[in-house]
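S.K.: I'd like to go over a predicted model; first the sequence, then the structure.
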Amino acid sequence: MKRLLTVLIFALCPLFLRAQGDFNNITPTVNGLCAIASSEGNVLVYTLEGSYHKEIHVSDKAVNAVSHFSGMIFCGCEDGLMTAIAPDDRVMELRLPKKEDVTCMSLFKDKLIAAGDKGLLVTINQDLSVFPASTKAKGRFIGITSLPNECFALTDRGELLRSRDGASWTLFDFNSYYKGFYPEIRFSTIQASGNQIIAAGTKPDGSPAAFMSNTGGVWSERILVYQASDGRQSMLDAKPVSSAYDAYRDRFVLGCSGGVIFTIPG
């Protein structure tokens, strides 16, 4: 399955790209281009209209995440490897202090925050210095997002890490806090707009679930109801995989299993 974490670029306007393994992540870069992380260890660069531009090999293993930061394309790979692709396509390696698979990255203020699959969070500054932060998270980080003054990193177990500086993090355990009120959620994605956050995943029976918050402290469930083509109300039955915020229409977009796209007004 091609997992596009920024779903709006292609999902609402399907295009047939060159087959280069699974597409794990995608991010806009500059000059109308976007970078795509491939499971085959490459970064593919396309125009936002879907025209092939170039391909850059960065690792012998999968590239899990990409982000455009400080004029370069940063790639999160396996075994603690990150790479930075310079504008002239030179590939520079950054080794994290632990051999964790880098699962997600996000810009926060003037920094790049990256997360591993075993609880590691690191802050990368514009001079490429790397500062790790130890956390008590036990799950696999599945997404990082931010409001203007606070960054959030979420694990599949519902552990929400919060920071105002990228160095000190506090942990809020969603499943423990809401035990008995909401079923235990296996989270798969998190995304913020300018003033709201959505986190989505699946319930124990496999049905999809989404929760929204203004500050990351209090969460309310968003019922995933839609009007079918015959006019009847139906419930979403596809599992959320990725998410994005469509600022033009003020809506969240969930990319779901089976190629389903589900939109939620802000």
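M.R.: In hand now; what should we look at?

S.K.: When you work out contacts or count neighbours from here on, use the C-alpha atoms and nothing else.
M.R.: Noted.

S.K.: How about residue 147, nearest residue that isn't a chain neighbour?
M.R.: By the measure of C-alpha to C-alpha, 6 or more residues apart in numbering, the closest residue to residue 147 outside its immediate chain neighbours is residue 194, 5.9 Å from it.

S.K.: Work out for me the element the one you found sits within.
M.R.: Residue 194 belongs to no helix or strand when assigned by DSSP states H and E.

S.K.: Verify the contact between it and residue 149 for me.
M.R.: No - in this structure residue 194 lies outside contact range of residue 149 using C-alpha atoms under 8 Å: 10.2 Å.

S.K.: returning to what we had before: against residue 150, how distant is the residue nearest to residue 147?
M.R.: 11 Å (C-alpha to C-alpha, to the nearest Å).

S.K.: The two: which is more packed in?
M.R.: residue 150 (16 against 12; other C-alpha atoms under 10 Å).

S.K.: my read: that one touches residue 167, true?
M.R.: No - Residue 150 is not in contact with residue 167 according to C-alpha under 8 Å; the separation is 11.6 Å.

S.K.: Phi, psi for residue 67 please.
M.R.: phi -150, psi 140 (degrees, to the nearest 10).

S.K.: Could you find the closest non-adjacent residue to it?
M.R.: residue 74 (5.2 Å).

S.K.: Would you list the phi and psi of the one you found?
M.R.: According to degrees, to the nearest 10, residue 74 has phi -90, psi 140.

S.K.: For the closest residue to residue 213 other than its chain neighbours, which residues are in contact?
M.R.: Nearest residue to residue 213, sequence neighbours excluded (C-alpha to C-alpha, 6+ apart): residue 219, at 4.8 Å. Neighbouring residues of residue 219 by C-alpha atoms under 8 Å, 6 or more residues apart in numbering: 211-213.

S.K.: Out of these, list just those in helices.
M.R.: Among the contacts of residue 219, no member falls in helices (criterion: DSSP state H).

S.K.: Tell me the most packed of these, by neighbour count.
M.R.: residue 212 (20 neighbours).

S.K.: Please verify my assumption that that one contacts residue 224.
M.R.: No - look at residue 212 against residue 224 with C-alpha under 8 Å: they stay out of range, at 12.0 Å.

S.K.: after the helix or strand bottoming out on mean pLDDT in the chain, next one along is what?
M.R.: Lowest on mean pLDDT, DSSP states H and E among the helices and strands of the chain sits strand 23-28, with a mean of 78. Counting by DSSP H and E, the next helix or strand C-terminal to strand 23-28 is strand 33-38.

S.K.: Which strands or helices does the helix or strand following that next one pack on?
M.R.: The C-terminal neighbour of strand 33-38 among helices and strands, as given by DSSP H and E, is strand 42-47. Packing partners of strand 42-47 (3 or more C-alpha pairs under 8 Å, 6 or more residues apart in numbering; DSSP states H and E): strand 33-38, strand 52-57.

S.K.: now for these, which one comes closest to residue 255?
M.R.: Closest approach to residue 255 among the helices and strands packed on strand 42-47 (C-alpha to C-alpha): strand 33-38, 16.1 Å.

S.K.: ok now the helix or strand encompassing residue 255, how far from the chain's centre?
M.R.: Using DSSP H and E, residue 255 maps to strand 251-256. Centroid separation between strand 251-256 and its chain, computed with C-alpha atoms, centre = their mean, to the nearest Å, is 12 Å.

S.K.: So what's the residue count around the closest residue to residue 150 other than its chain neighbours?
M.R.: Leaving aside its sequence neighbours, residue 150 sits nearest to residue 164 (C-alpha to C-alpha, 6+ apart; 4.6 Å). When counting by other C-alpha under 10 Å, one arrives at 17 neighbours for residue 164.

S.K.: Alright, I will stop here.
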